[in-house]
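Enquirer: What would the 3D arrangement of this be:
(2 chains)
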Amino acid sequence: MLDRITNILVVGIGGQGVMTAAEMLARTALSQGYDVKKTEVAGMAQRGGVVSSHVRFGPRVYSPQIDAGEADLLIGFEAAEALRWLPYLRPTGVAMVNTLRIAPPVVSVGLYDYPPDPIGELAATGIEVHAFDAGAIAEQLGNLKLVNTIMLGAISDYLPFPAEVLRESIVEGFRAYKPKLADLNAQAFDAGREAGHATAVSRQAPI
Amino acid sequence: MNAVVQAQAESRHLLSGNEAVARAAWEAGVRVAAAYPGTPATEILENIALYPDIYSEWSVNEKVAVEVAIGASLAGSRSLAAMKHVGMNVASDAFMTQSLAGVVGGLVIVVADDVGLSSSQNEQDSRYWGRFGHLPILEPADSQEAYEMVKRAFALSEDYEVPVIVRMTTRVCHVKAMVTVEGERIEHRAAGFEKNPQRWVMTPANAKPRLPLMHERDRKFRELSETIDLNIAFAGSDRRIGFITSGPAFMHVRETFPNAPVLKLGFSCPPPLDKIRAFAGQVDTLVVVEETEPLLETEIRAAGLDVRGKDILPRFGELAPNVLRPAIKPLLGEPYEVPKRSQASVFPRPPTMCASCPHLGPYFALSHIRNLNIIGDIGCYTLGAGHPWNALDTCTCMGASLSMAHGMDKGRGESDQKKHIVAVIGDSTFLHMGMQGLLNMIYNRGNVTVLLLDNRSVGMTGGQENPGTGEDLHGLPAPRVDFAKLVEALGVRPERIRMVDPYELPNVVKLVREETKMEEPSVIITNRPCSLTDRFEHLRPYEVIDDQCTGCGNCIDLGCPAIFVSRRETVTAKSGKSKELVFARIDANACTGCHMCVETCAPEAIVQQQPQNRVIRIQPHA
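Expert: Got it, this is the predicted structure:
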């Protein structure tokens, strides 16, 4: 068991399953004997706002909040959101990003611009960035709700416990509540895990 | 039934503070629980509702919830009321007198302060209520403490015959952390109401003798505060600064300064001044870290101690490590530089209304009609103040729209003479505290056009039930108020009560135009359910036929988040003026087929998609 605290920041937009993904990570860390805290401010996020969920686990966790520059792992469910939360990542951290782009109404009506190349901007910082289209994988598997499991699969080899532990806890959850979806989620997890390795955009020496 | 409800004694669970409160209430033998939904407290009652041994209800407002809890307490039952911070303002009338009269069965009021305003119109420090009502405040710092303190609060409430407040904050309510569930439910017998007019009929003659008893109670609580194990000193190796703290700020202090001595006040009102004095003697500098007002700080200073606090720390918002570090480090002679990090410039993503939200139609209408002062209320429809509608001019508190609109009508200034006054309010807010404003307006011969947006849901907090939805907290059928009959009973003339389908935009615009011109109050009632609830029917999505789209941009003005700009073009009109065309596309994954946008489209470029094999759509509330 790791004797320091692991900080994981999951970010996206209300309705994308950010909080569910963070909950899965928290429960799995708990099953590994860690003290765990998970927090988000979600009040109005259901209405298409920004959602960020902080997961911290270690021998003893006091504050539930991850400070800027302290996240070991940034999981971005949307490209511009990953860029927004980049300052929270350590220089040695890893960003795992779904390349999905969702423009809010303020962009649609022309008040703001969507960044032309958010993944490129992330990569230019020298941080280890992995980016792939989780939606395309989900669509191949026939269910867009799988994005959540695909993203968890993608980061499963960057955790202080074996990927199989996270995989099992996700699949187990489906077996208990939605058994018909258990196999499909196992496939999605594996596909995500593969994508998480294959898609490094940049890897420079940490500054 | 969920895992927490079935949890065995001595098992560990990842629980939010709100879930922990619910479990503790069940174990404590609570028999009656009541609340009105409000972020961040909503899930307390939603979780209590999972325990069949507890009678639980959505009350119509927080004052009613507290009164329900008081009544149950007088019958001898342990009872609980839960609310967000502003709810306590509503409940305070009942609270302030019952704190004088006292209770029989343990009565705990859980108040959740939205420190940092994640979803509130103000920031309040509910610890003031302890001083105001002369009763204890318990302040949990995480889920485990919330669980333990709720149980302690019931024991205290019965021992001292007084309501007890458990003060939560967003960072306790919505943080999930480990809780060791200790036990099972312990039933508490309710002896039944014992008539005792001197005690329960708070006439001046009966209330007056209670005052010295209340002050005697204060003295006992001051003594208790010195000895109770909820006020704990943690020794530290670095005694340059000793912290006095409470609530989640304790966690931030421990995280940031792990070697500093800390006096943690779980029973923070009244504060243990002798204990604080002794602690102060062991450290060089005493710093109070409290969210949000300098309450303890003021009381400690009044006791003659030298203390730092809000002179170096912010008086609002969360005192998270990133706030504590720059404030405290200079005191230690350790200059602190804010780390330089590249700040990505990303557009804001404010919350917005949902695809096919039934509020979109009324706001489309309001944004297209001139000369309106639009007085708003608390709910999803407060978002109408934002883009693209910009059609809401005020938002103050629950139910304020009707009475403020009436006041604006009566107090018209020079620039208002030709304006029409409109009030916008939702179904649940109307029933919470809005209908009194309508009654007042009718009685006093006011003239306001009321838009009663009935989406059969407490939308903003996640679609809870209310007396207008036909279901109760448990999803069981319940009597459903008839809004048309209700407003008629309050005195609106039947001719001025107009029902409208909010998706039929031309009708909505026409009705608002007509009714604002009337010289008497009107109520326009919409009738489509919140699109995030099960009552909403999802139909086949629409799409834009690109070569028929003329770029007029009318559908974009609707503000539906399923409609996007596909491209912009600047053209020169015959008059020589240049004009920007905005072409639209519809995201089929987000569109629910409500057809509202079709009503904005003259060239009929928006059509329903043909049925085909499609991937399963992401539900917006997944």
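Enquirer: Give me the spatial nearest neighbour of residue 193, chain neighbours excluded.
Expert: Defaulting to chain A. Leaving out its chain neighbours, the residue that sits closest to A:R193 by CB to CB, 6 or more residues apart in numbering or on different chains is A:G153, at 4.1 Å. (C-beta placed from N, C-alpha, C; glycine too.)
Enquirer: Can you look at chain B instead?
Expert: In space, B:F193 is closest to B:A75, 4.8 Å off (CB to CB, 6+ apart).
Enquirer: now residue 129, what's its secondary structure?
Expert: Just so you know, I chose chain A. Using DSSP: H, G, I helix; E, B strand; the rest coil, the structure places A:V129 in strand.
Enquirer: my bad, the chain I had in mind was chain B
Expert: Applying three-state DSSP: B:W129 is helix.
Enquirer: Report how many residues lie close to residue 50.
Expert: The chain I'm using is chain A. 24 (other CB atoms under 10 Å in any protein chain shown).
Enquirer: Oops, wrong one, chain B.
Expert: 18.
Enquirer: and it, backbone torsions?
Expert: phi -80, psi -10 (degrees, to the nearest 10).
Enquirer: Let me see the backbone angles for the nearest residue to it once chain neighbours are set aside.
Expert: With CB to CB, 6+ apart as the criterion, B:L50 has its nearest non-adjacent residue at 4.9 Å, and that residue is B:V5. With angles defined as degrees, to the nearest 10, B:V5 sits at phi -60, psi -40.
Enquirer: State the distance from the residue nearest to B:F193 to chain A.
Expert: 36 Å (CB to the nearest CB, to the nearest Å).
Enquirer: Then B:E290?
Expert: In terms of CB to the nearest CB, B:E290 sits 16 Å off from chain A.
Enquirer: which residues does the residue nearest to B:F193 contact?
Expert: Residues in contact with B:A75 (CB atoms under 8 Å, 6 or more residues apart in numbering or on different chains) are B:104-105, B:190, B:192-193.
Enquirer: I'd like to know how far it sits from B:N206.
Expert: When distance is defined by CB to CB, to the nearest Å, B:A75 is 20 Å away from B:N206.
Enquirer: what do you get for B:E216?
Expert: 17 Å.
Enquirer: cool, B:V253 as well?
Expert: Applying CB to CB, the value for B:V253 to B:N206 is 45 Å.
Enquirer: now swap in A:L73 and tell me
Expert: 63 Å.
Enquirer: neighbour count winner among those two?
Expert: A:L73 (20 against 16).
Enquirer: Need the phi and psi values for the residue nearest to the spatial centre of chain A.
Expert: What sits nearest the mean C-alpha location of chain A, by CA atoms, centre = their mean, is A:I75, with 2.6 Å. Note on A:I75: its backbone torsions stand at phi -110, psi 110 [degrees, to the nearest 10].
Enquirer: State the helix or strand in which the closest residue to chain A within chain B lies.
Expert: Per CB to the nearest CB, B:S119 is where chain B lies closest to chain A, at 2.7 Å. Using DSSP states H and E, B:S119 falls within no helix or strand.
Enquirer: Strands of chain A, start to end?
Expert: Listed from the start of the chain, chain A has strands (DSSP state E) covering A:6-13, A:35-40, A:50-58, A:71-76, A:89-98, A:128-132, A:200-202.
Enquirer: Let's have these in a markdown table, adding distance to chain B and mean pLDDT.
Expert: Shown next, in a markdown table, are those (distance: least, CB to the nearest CB, whole Å; pLDDT from 0 to 100):
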| stretch | distance to chain B | mean pLDDT |
| --- | --- | --- |
| strand A:6-13 | 7 | 96 |
| strand A:35-40 | 4 | 94 |
| strand A:50-58 | 5 | 95 |
| strand A:71-76 | 11 | 97 |
| strand A:89-98 | 9 | 95 |
| strand A:128-132 | 13 | 94 |
| strand A:200-202 | 15 | 67 |
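Enquirer: Ok, which of the ones you listed comes nearest B:E67?
Expert: For these, the distance to B:E67 is smallest for strand A:35-40, at 33.4 Å, taking CB to CB.
Enquirer: Indicate each strand paired with the closest one and its parallel or antiparallel sense.
Expert: Paired neighbours of strand A:35-40 in the sheet (DSSP bridges): strand A:50-58 (antiparallel), strand B:176-181 (antiparallel).
Enquirer: Contact partners for A:L181?
Expert: Contacts of A:L181 (CB under 8 Å, 6+ apart): A:143, A:174.
Enquirer: Please apply the same query to B:F243.
Expert: B:253, B:257, B:260-263, B:287-289.
Enquirer: quick one: buried residues of stretch B:515-529?
Expert: B:515-516, B:521-529 (16 or more other CB atoms under 10 Å in any protein chain shown).
Enquirer: Narrow these to those in helices?
Expert: Among the buried residues of stretch B:515-529, the ones falling in helices (DSSP state H) are B:515-516.
Enquirer: Same list, the buried residues of stretch B:515-529, but as JSON lines with pLDDT and distance to B:Q548 please.
Expert: Converted to JSON lines, the buried residues of stretch B:515-529 look like this (pLDDT from 0 to 100; distance: CB to CB, whole Å):
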{"residue": "B:E515", "pLDDT": "97", "distance to B:Q548": "35"}
{"residue": "B:T516", "pLDDT": "97", "distance to B:Q548": "35"}
{"residue": "B:P521", "pLDDT": "97", "distance to B:Q548": "43"}
{"residue": "B:S522", "pLDDT": "98", "distance to B:Q548": "38"}
{"residue": "B:V523", "pLDDT": "98", "distance to B:Q548": "39"}
{"residue": "B:I524", "pLDDT": "98", "distance to B:Q548": "33"}
{"residue": "B:I525", "pLDDT": "98", "distance to B:Q548": "35"}
{"residue": "B:T526", "pLDDT": "98", "distance to B:Q548": "30"}
{"residue": "B:N527", "pLDDT": "96", "distance to B:Q548": "31"}
{"residue": "B:R528", "pLDDT": "96", "distance to B:Q548": "27"}
{"residue": "B:P529", "pLDDT": "96", "distance to B:Q548": "31"}
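Enquirer: Tell me the one among the buried residues of stretch B:515-529 nearest to B:L331.
Expert: B:P529 (55.4 Å).
Enquirer: shouldn't that closest one be in contact with B:G459?
Expert: No: here B:P529 does not reach B:G459: they are 9.6 Å apart, not a contact under CB atoms under 8 Å.
Enquirer: so where's the chain shaky on pLDDT?
Expert: Just so you know, I chose chain A. Residue ranges of chain A with pLDDT under 70: A:41-47, A:202-207.
Enquirer: Chain B is the one I meant
Expert: In chain B, residues with pLDDT under 70: B:1-3, B:339-344, B:612-622.
Enquirer: Domain map for it?
Expert: With automatic domain parsing as the criterion, the domains of chain B are listed as B:11-187+B:200-227, B:231-332, B:360-526, B:542-608.
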